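Undergrad: From the sequence below, what's the structure:
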Amino acid sequence: MSTAQDARERREELVRARGRLVHEPPGTGRGAVPVRDVIRASWTRSLRSVDDDLAAAPLADESATAATWDASPLRRAVDVLGDELRRVADDGDLVVAVTDPAARILWTCGGRVMRDRAARVNFVAGGRWDESSVGTNALDLALRVRAPATVWAAEHYAPAVQGWVCWAAPVLDPTGLPLGVLDLSTTWERSHPLGMTTARALAALLTREVAASAAARPVASGPRALHLDLLGTCRCVLDGEHLRLTRRQLEVLALLALSPGGLSADALHDALYGDAPVSRSTLKAEVSHLRTLLRGGVGSRPYRLLLPVSTDVELVRRRLAAHDAAGAVEAWGGAVLGGVGGTDSPTLRRLEAELAAGVRAAVLSAGERTTALRYGQLRDADPLVVGDLLGRRDGSDHGAPTNLRPTPRP
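TA: Just a heads-up that it's a prediction; the model follows:
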C-alpha cells in the first residue's frame with residue numbers, strides 16, 4: 001500500500017466487495033473491485049459455513065489441545081526459540097501463533113495491545129481457525145495451499161478480524177508434511193512489507209529445529225513395534241515409550257491397527273466420523289499429525305500402519321475363539337476407549353458391542369463363579385449375568401437367562 005489513504009480506500013473497497021457477495025444475488029455487483037482469486041474462492045466457501053456476524057472463533061476442548069501440544073514436535077521447537085518469538089511479538093506489537101495441521105492454535109504470545117485483541121476473538125490456544133469455523137484467514141490458507149499466505153484487512157471473511165493483517169507460513173516435519181503454521185498478526189494500519197519475510201524466516205527456524213530434534217532422537221535397536229490397549233484403560237506404547245495421544249488420534253490409530261490391509265481415505269473417514277459433517281482435510285490433518293508422532297509409521301494410499309502392531313482387542317478375540325472365558329475377561333477391560341470417555345466412531349462402537357456380547361456369552365457359557373466375580377468387577381460388565389450365575393444352586397444350567405439384556409452404556 002503506497003499511502004495510509006490508499007490502504008484505507010482499499011480496505012473499504014474490500015468491505016463492499018464482501019458485502020456484495022453475502023447480500024446480493026449471484027451475477028449482480030457490476031464494477032466490483034478486483035479481489036484475489038484465492039480470496040474470492042475462500043469467501044464463497046465461507047459463505048456456506050460461517051455466520052455473517054461471527055464474533056469469535058470456536059474453542060476446541062482444552063485438555064485435548066494441551067495433550068496435542070505436549071505431544072507435538074512443535075513444542076520442543078518453540079521451547080528452544082521461545083525467547084526469539086516473544087521478542088518479535090513485543091517489538092512489533094504482534095501476536096505470534098503456532099497451530100496444528102488443522103489450524104487449531106496450540107501456542108501464542110503477544111505484545112500488549114494485540115494480546116488483548118487476540119483474546120477477544122479467541123485467537124488463543126484452542127482457537128479453531130480453520131476456514132469452515134471462521135472463514136477466510138491466513139492460518140487456514142497457508143495450510144490449504146502449503147505455502148506462505150497473507151490475508152489483509154477485509155480480505156478476512158469474519159468482520160471481527162477485518163481490522164487485522166496476518167502473515168502465515170507452514171512449519172514442516174522432516175518428511176516435508178506440514179505440522180502447522182507460524183502466524184504473525186497485527187492491525188492493518190501496522191501492515192509492513194517485512195511482515196511476510198519475518199513469518200517465513202521464523203517458520204524456517206522452527207522447521208529446522210524440528211528436524212534437528214528428530215535427528216537427535218535415539219533410534220531404537222531391533223524391529224520397531226507398537227502396542228495398543230484400547231479396552232477400558234487406554235495406552236499406546238511405541239518401542240517401549242508411552243505416547244500421549246488425543247482421543248481422536250487413538251480412534252484413528254485403532255481403526256488402522258484393526259485394518260492390516262489399510263483403509264482408503266473415504267473408508268477411514270466413514271469409519272471414524274460416520275455421517276458427521278467433517279471435512280476430508282480435517283482427517284488428513286489428523287493422519288499427518290499421527291504420522292509425525294509415530295515417526296513416519298503411517299503410510300498412505302491406502303492409509304496403513306508401517307510397523308508391527310498388537311492390541312488387546314486381538315487378545316480378547318483369540319481367547320474367545322479358544323473358549324477361554326476367564327482369559328477373555330482378564331483381557332477385555334471394558335468399553336472401547338473407555339479410559340478417555342469412549343468413542344464416537346461408528347465402527348469402533350460396533351466393535352465395542354461385539355466384544356461386550358462375546359465376553360458376556362462366554363461368561364454365561366462357562367458358568368464359573370470365579371470368572372463371574374472377576375467379570376462383575378469390571379466397569380462395563382452386565383450385572384444380570386453376574387446375578388444369574390451367582391444365584392444358581394448348582395453349575396448344571398449353563399444357558400443364558402431369557403430376560404438378559406445388555407447394560408445401557410452410561
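
Undergrad: looking at it, residue 163 is touching residue 155, isn't it?
TA: No: using CB atoms under 8 Å, residue 163 is not in contact with residue 155; the gap is 11.8 Å. C-beta coordinates here come from the backbone N, C-alpha and C atoms, glycine included.

Undergrad: Out of the two, name the residue with the larger neighbour count.
TA: Remark: of residue 163 and residue 155, residue 155 carries more neighbours, 28 against 15, as counted by other CB atoms under 10 Å.

Undergrad: Low-confidence regions, this structure specifically.
TA: Counting by pLDDT under 70, the chain contains low-confidence ranges at 1-2, 23-33, 217-224, 391-410.

Undergrad: centroid residue for it?
TA: Most central in the chain under CA atoms, centre = their mean is residue 286, positioned 4.9 Å from the mean C-alpha point.

Undergrad: Tell me if I am right that that residue is in a strand.
TA: No: Residue 286 is assigned helix when assessed by DSSP: H, G, I helix; E, B strand; the rest coil, not a strand.

Undergrad: mind checking how far residue 68 is from residue 289?
TA: Residue 68 is 7 Å from residue 289, where distance means CB to CB, to the nearest Å.

Undergrad: Common neighbours of these two, please.
TA: residue 100 (CB atoms under 8 Å, 6 or more residues apart in numbering).

Undergrad: what's around residue 157, how many residues?
TA: Count around residue 157 with other CB under 10 Å applied: 28.

Undergrad: How is it assigned, secondary-structure-wise?
TA: On the three-state scheme (three-state DSSP), residue 157 is labelled coil.

Undergrad: So the residue nearest to the centre of the chain is in contact with residue 248, correct?
TA: Yes: between residue 286 and residue 248 there is a contact at 5.9 Å, judged by CB under 8 Å.

Undergrad: just the strands in the stretch 201-350 of the chain please.
TA: In the stretch 201-350 of the chain, the strands defined using DSSP state E, counting those that start in this stretch lie at 226-229, 235-238, 241-242, 298-299, 304-305, 309-311.

Undergrad: and the ones you listed, which is most packed in?
TA: Counting by mean count of other CB atoms under 10 Å, strand 226-229 has the highest mean neighbour count of the strands of the stretch 201-350 of the chain, with a mean of 19.

Undergrad: Next, the residues that contact that one from outside, please.
TA: 235-238, 250, 253-254, 257, 294, 297, 305, 307-312, 333.

Undergrad: in the stretch 51-200 of the chain, which spans are strands?
TA: Using DSSP E, counting those that start in this stretch, strands in the stretch 51-200 of the chain cover 95-99, 105-110, 149-152, 164-172, 178-187.

Undergrad: and the longest one, how far out from the chain's middle?
TA: Taking CA atoms, centre = their mean, to the nearest Å, the mean C-alpha location of strand 178-187 is offset from the chain mean by 18 Å.

Undergrad: ditto for the fourth one
TA: Centre-to-centre, strand 164-172 and its host chain are 20 Å apart (CA atoms, centre = their mean).

Undergrad: Which strands border it, and is each parallel or antiparallel?
TA: Sheet pairing here is set by DSSP bridges, and for strand 164-172 it gives strand 149-152 (antiparallel), strand 178-187 (antiparallel).

Undergrad: and those strands as TSV, adding mean neighbour count and distance to residue 225?
TA: Shown next, in TSV, are the strands paired with strand 164-172 (neighbours: other CB atoms under 10 Å; distance: least, CB to CB, whole Å):
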stretch	mean neighbour count	distance to residue 225
strand 149-152	24	40
strand 178-187	26	25
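
Undergrad: Give me the neighbour count for residue 77.
TA: Neighbour count of residue 77, defined by other CB under 10 Å: 23.

Undergrad: wait, residue 194
TA: Residue 194 has 10 nearby residues by other CB under 10 Å.

Undergrad: Then the one 4 residues further on?
TA: Here the neighbour count serves as a burial measure; for residue 198 (other CB under 10 Å) it reads 18.

Undergrad: Export the strands of the stretch 51-200 of the chain as TSV, with columns for distance to residue 263.
TA: Output for the strands of the stretch 51-200 of the chain, formatted as TSV (distance: least, CB to CB, whole Å):
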stretch	distance to residue 263
strand 95-99	26
strand 105-110	27
strand 149-152	31
strand 164-172	25
strand 178-187	22
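
Undergrad: so which of these comes closest to residue 47?
TA: Residue 47 lies closest, by CB to CB, to one member of the strands of the stretch 51-200 of the chain: strand 149-152, at 16.2 Å.

Undergrad: Give me the contacts around that closest one.
TA: Contact with strand 149-152 is made by 38-39, 136-138, 141-142, 165-169, 188, 191, 195-196, as judged by CB under 8 Å, 6+ apart.

Undergrad: at 10 Å what do you get?
TA: Residues from elsewhere that reach strand 149-152 (CB atoms under 10 Å, 6 or more residues apart in numbering): 1, 7, 10-11, 14, 36, 38-39, 42, 136-143, 157, 161-162, 164-170, 181, 183-185, 188, 191, 195-196, 199.

Undergrad: from those residues, which would you call buried?
TA: The neighbour count (16 or more other CB atoms under 10 Å) marks 1, 7, 10-11, 14, 39, 42, 136-143, 157, 161-162, 164-170, 181, 183-185, 188, 191, 195-196, 199 as buried among the contacts of strand 149-152.

Undergrad: quick one on the thing from earlier: looking at residue 68 and residue 289, which one has more neighbours?
TA: Remark: of residue 68 and residue 289, residue 289 carries more neighbours, 28 against 25, as counted by other CB under 10 Å.

Undergrad: what comes up buried for stretch 58-66?
TA: Neighbour-count burial for stretch 58-66 [16+ other CB under 10 Å]: 60, 64, 65.

Undergrad: next one: stretch 65-76
TA: Buried residues in stretch 65-76, counted by 16+ other CB under 10 Å: 65, 67, 68, 69, 71, 72, 73, 74, 75, 76.
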